[in-house]
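>>> Predicted model and sequence below, questions to follow.
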There are 2 protein chains.
Amino acid sequence: MDDSRRSTLDKLQGRLLSGEVRALARSISLIEAGEPAGQELLARLRPRVGNARVLGITGAPGSGKSTLTDHLVAAARGRDERVAVVAVDPSSPFSGGAILGDRIRMTRWHSDPGVFIRSMATRGHLGGLAAATLQVVALLDALDFDVILLETVGVGQSEVEIAEAADTTVLVLTPGQGDAVQAFKAGIMEIADLFVINKADQPGAARLRREIRAMQEIALPADAPWRPPILETTASEGEGVESVVSELDRHSEHLEASGRGEELRRRRARFEIAAILHEELRRALAAREDDFVDEVLSGGITPAQAVARLLER
Amino acid sequence: MDDSRRSTLDKLQGRLLSGEVRALARSISLIEAGEPAGQELLARLRPRVGNARVLGITGAPGSGKSTLTDHLVAAARGRDERVAVVAVDPSSPFSGGAILGDRIRMTRWHSDPGVFIRSMATRGHLGGLAAATLQVVALLDALDFDVILLETVGVGQSEVEIAEAADTTVLVLTPGQGDAVQAFKAGIMEIADLFVINKADQPGAARLRREIRAMQEIALPADAPWRPPILETTASEGEGVESVVSELDRHSEHLEASGRGEELRRRRARFEIAAILHEELRRALAAREDDFVDEVLSGGITPAQAVARLLER
C-alpha cells in the first residue's frame, strides 16, 4: 500500500473509532464492494472483535419482525447500550421495500448516536451476501456496539447461514400462514432459540403453538440443554415484548454459563471463513462452469481435471 | 507419466474394456484411494460416459430397498441388460452389515458376468464419499453398463447429493416408522421421482400413503410436469415389483421426451465437479481450520486473510 492510501485509511480508522456515523457507512460500503481498503480496515480492527451480543431476528415478510426489532432497539437504549441493526431483508423498512408507516417509525432513531441501522442489499455484492453480512457484523462488533440485531427473512440457504451466525436466533411466526411448516422445511426451525408468535391476538395462534410444539418434538433431543420457549406478542402494541427481552437475556446467560458463548464465537469465525471461501469459489466456478460441463460431457476433460484447472486459476 | 506406468495403465484399460471383473474392482479401488492412476483411467474413458440409466434407490436401513434392488437386477437381466449396483449403505448386504439371508440372496448373481456389485465404504475415502461415488458411476457408465442402481440410505447431506445425481430416484418407505416425516426433514422427499411403500401388507400403509400425499402437496408445484406415483410392494414376496419397473420406464421416457435427460447429464457433471471441488477444499480447510479460527479470534488475521492463505496453499 502506498503512503497516500495508508494515510486515507488511517483517517477513516480514526473517524470510525471516534464513532462517526458517516465513516461507518463508508466503511461498510467498502466491505460490500469487496474493496481492498475494506479488507484492510477489517484486518486492523480484528483484535477488537468478540464482545457484542449478536441477536438474529428471523421471520417471513409481514410477520412483524421489524416492529419487534424496533422494540428491542428501544429496550437496549433503555439500558444505555449501543445498538446496531443489520437488515438482510428486501421487504424491510431499511432496504426500501417498506410502507411509509415503517419508515416513519424508524426515523425516531435517526438522531440517536447510540443506534446505527444498515440494510444489506441482496444483490450486487461482490463478496456474497453471507460473507459481506458477517464481515459487517464483525466491523460493528469491533466498534463497540453492545448489541447487533441481525434481521433476516429466513428463507434460502445463505439466510439460514446468516441466521446461524447469531448467538441467539429469534424466529417470528404469525398465525394462519403455514409459517411453521415452511420454517421447518427451510431448516430454520432447528436453529431457533426462541419462538415468537406475533399477532397473537389473531385466530390460529393456539394452533400455531401446537404446530411448533409438534415439530419441536421431532427436532429437539430429549436431553437438549436449552428448550426454546414459545412466546406471544402483539408487536404493534408492544405487548409481550418484555418477556422476549427477558428470555433473550436468559439465553445469553445460558450461553455463558454452559461455555457455549466461546463455542459460538468460534463457530461465527468458522462460518465467516467458510462463507468467504464458498463465495470465492462460487464466483470462480460460475464464470467457467458451463464451459467445464460442456468439456466434461464431450469427454474432453474429467470433472477432477476441471477442478484442478479451477484451483490453478 | 513414465513408460512402465503407462504400459500398466494400458493393460488395465484393455482388461476393463474386455469386461474383466477383477480389473473393474481394481480400478474402483484406485479411484477410491485417490490414486493418480485412477484419475488417468477416468480421463481416458470419459468420452464413453453418458449412456447408462442411473437409478437411485434410497431408503432407511431395514426398509427393504436391498431386496427391491435385487428384484430390479433380475428385471434388467430378464431384458438382457448389463447391471451394476453401487451400494452406499453401511447396513447393506454389500458392505458387510447385513444378515446372512441377504448375503445368500445376492450370491445368486455371483456367476453372472452381466451383474457387477460394489459397496462404497463410508469411511476412509481420500476423495470424499460423494466425489468417489460419482466417479465410480462415471466409470461404470463408460464401461457400457446399461443400468446403474445407486443404493443409498438417504440420510445426511452427502447422501442427498449422491441421490440427486441419479436420473430417477426411488424413495422406499415402510409403514409405521415415521419415515415420511424423516425423509421430509432430510430434504429427500423433494428429490423422489417414485415412492415405494414397501411392506405394504403391514398396518399403517394407508396412513403412510396419506402422509406422503400431504407432504407432496406442500412440496410439489401444481404445474409440476411429473407427479411422483406412490406404489406399494411386498418386496420379500416380489409383489408389486412389476409396477415399479414399468413406472421407472415411464419416468425414463418422460425424461427423454421432456428434454430433461440432457439436463440431468449436465447436472450430474456439475455435481461431480462440485463434489470434487468441495472435497478438495474441505480437506485443505480441515487441516488448518482450528489454527485459522484461533488466529482470527486472537485478532491475528481476518477470515478473508485465512481464505487467501488457504487458496495460496
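Perfect, thanks for sending it. Numbering: from 1, shown residues only, chains lettered A, B, ... in the order given.

>>> for chain A, what helix or strand is lowest in average pLDDT?
Least confident element among the helices and strands of chain A, by mean pLDDT, DSSP states H and E: helix A:100-106 (a mean of 47).

>>> counting contacts, what elements does the next helix-or-strand element following that helix pack onto?
For helix A:100-106, the succeeding helix or strand toward the C-terminus, using DSSP states H and E, is strand A:115-119. Strand A:115-119 sits against helix A:21-32, strand A:83-88, with contacts defined as 3 or more Cβ pairs under 8 Å, 6 or more residues apart in numbering or on different chains; DSSP states H and E. (C-beta placed from N, C-alpha, C; glycine too.)

>>> Which strands or helices does the next helix or strand after strand A:115-119 pack on?
Moving toward the C-terminus from strand A:115-119, the next helix or strand (DSSP H and E) is helix A:129-142. Judged by 3+ Cβ pairs under 8 Å, 6+ apart, helix A:129-142 is in contact with helix A:21-32, helix A:36-45, strand A:83-88, strand A:147-152, helix A:157-164, helix A:260-297, helix B:303-312.

>>> Please work out the angle formed by the directions of the fourth one and strand A:83-88.
Between the axes of strand A:147-152 and strand A:83-88, defined by axes from the mean of the first three to the mean of the last three Cα atoms, to 10 degrees, the angle is 10 degrees.

>>> now do the longest one
Put simply, helix A:260-297 runs at 20 degrees to strand A:83-88, going by the same axes, to 10 degrees.

>>> Helix A:260-297 vs helix A:129-142, what angle?
Relative orientation of helix A:260-297 and helix A:129-142, computed by the same axes, to 10 degrees: 150 degrees.

>>> What separation do you get for A:Arg118 and B:Gly34?
Here A:Arg118 is placed at a distance of 45 Å from B:Gly34 (Cβ to Cβ, to the nearest Å).

>>> likewise A:Leu277?
Taking Cβ to Cβ as the measure, A:Leu277 and B:Gly34 are separated by 21 Å.

>>> These two: which is more packed in?
Per other Cβ atoms under 10 Å in any protein chain shown, whichever of A:Leu277 and B:Gly34 has more neighbours is A:Leu277, with 22 against 18.

>>> So what's the residue count around the residue lying closest to the more buried one once chain neighbours are set aside?
Once flanking residues are discounted, A:Leu277 sits nearest to B:Val307: 4.7 Å by Cβ to Cβ, 6 or more residues apart in numbering or on different chains. Using other Cβ under 10 Å, B:Val307 has 25 other residues around it.

>>> got a list of what B:Val307 touches?
Residues counted as contacts of B:Val307 (Cβ atoms under 8 Å, 6 or more residues apart in numbering or on different chains) are A:273, A:276-277, A:280.

>>> Out of these, which comes closest to B:Asp201?
Among the contacts of B:Val307, A:Leu277 lies closest to B:Asp201 (Cβ to Cβ), at 50.7 Å.

>>> Surely the closest one touches B:Arg309?
No. Checked against Cβ atoms under 8 Å, the pair A:Leu277 and B:Arg309 is beyond contact range at 10.8 Å.

>>> Show me the residue at the heart of chain A, geometrically.
Centroid-nearest residue in chain A: A:Leu150, 3.8 Å away (criterion: Cα atoms, centre = their mean).

>>> Name the surrounding residues that touch the helix or strand in which A:Ser4 is found.
If you go by DSSP H and E, A:Ser4 is part of helix A:3-17. With Cβ under 8 Å, 6+ apart as the test, helix A:3-17 has contacts from A:1, A:22-24, A:26-27, A:37, A:40-41, A:44-45, A:143.

>>> Apply the buried test to those residues and list what passes.
Among these, the ones that count as buried by 16 or more other Cβ atoms under 10 Å in any protein chain shown are A:23-24, A:26-27, A:37, A:40-41, A:44-45, A:143.

>>> Could you list the low-confidence segments of the stretch 201-313 of chain A?
Applying pLDDT under 70 to the stretch 201-313 of chain A picks out residues A:313.

>>> in it, what residue is nearest chain B?
A:Gly299 (2.9 Å; Cβ to the nearest Cβ).

>>> Check the stretch 1-150 of chain A too.
Proximity of the stretch 1-150 of chain A to chain B (Cβ to the nearest Cβ) peaks at A:Pro47, 2.8 Å away.

>>> Tell me the confidence at that residue?
If you check A:Pro47, the pLDDT there is 90.

>>> I'd guessed A:Val244 sits against A:Val196; true?
Yes. Using Cβ under 8 Å, A:Val244 is in contact with A:Val196, at 6.1 Å.

>>> So the two - more neighbours on which side?
A:Val196 (28 against 24).

>>> ok, and the closest non-adjacent residue to that one?
Closest residue in space to A:Val196, ignoring its immediate chain neighbours: A:Val172 at 4.8 Å, by Cβ to Cβ, 6+ apart.

>>> list the buried ones in stretch A:107-118?
Of the residues in stretch A:107-118, A:109, A:114-118 count as buried by neighbour count, 16+ other Cβ under 10 Å.

>>> ok so, going back, relative to B:Met189, which of the helices and strands packed on strand A:115-119 is closest?
Closest of these to B:Met189 is strand A:83-88, at 28.0 Å (criterion: Cβ to Cβ).

>>> Between the buried residues of stretch A:107-118, which has the least confident prediction?
Lowest pLDDT among the buried residues of stretch A:107-118: A:Trp109, with 78.

>>> List the residues that contact that one.
Residues near A:Trp109 by Cβ under 8 Å, 6+ apart: A:73, A:115, A:117.

>>> ok, which residues in the stretch 151-300 of chain A are in contact with chain B?
A:181, A:184-185, A:218-219, A:265-266, A:269-270, A:272-277, A:280-281, A:285, A:289, A:292-293, A:296-300 (Cβ under 8 Å from any Cβ of the partner chain).

>>> Buried among these? Make that a PyMOL selection.
Remark: buried members of those, expressed as a PyMOL selection using 16+ other Cβ under 10 Å:
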select buried, chain A and resi 184+185+219+265+266+269+270+272+273+274+275+276+277+280+281+285+289+292+293+296+297+299
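
>>> Would you format the buried ones among the contacts of helix A:3-17 as JSON lines with distance to A:Asp223 included?
Putting the buried ones among the contacts of helix A:3-17 into JSON lines (distance: Cβ to Cβ, whole Å) gives the following:
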{"residue": "A:Ala23", "distance to A:Asp223": "48"}
{"residue": "A:Leu24", "distance to A:Asp223": "43"}
{"residue": "A:Arg26", "distance to A:Asp223": "49"}
{"residue": "A:Ser27", "distance to A:Asp223": "44"}
{"residue": "A:Ala37", "distance to A:Asp223": "49"}
{"residue": "A:Glu40", "distance to A:Asp223": "46"}
{"residue": "A:Leu41", "distance to A:Asp223": "44"}
{"residue": "A:Arg44", "distance to A:Asp223": "44"}
{"residue": "A:Leu45", "distance to A:Asp223": "40"}
{"residue": "A:Leu143", "distance to A:Asp223": "39"}
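
>>> Great, nothing more from me.
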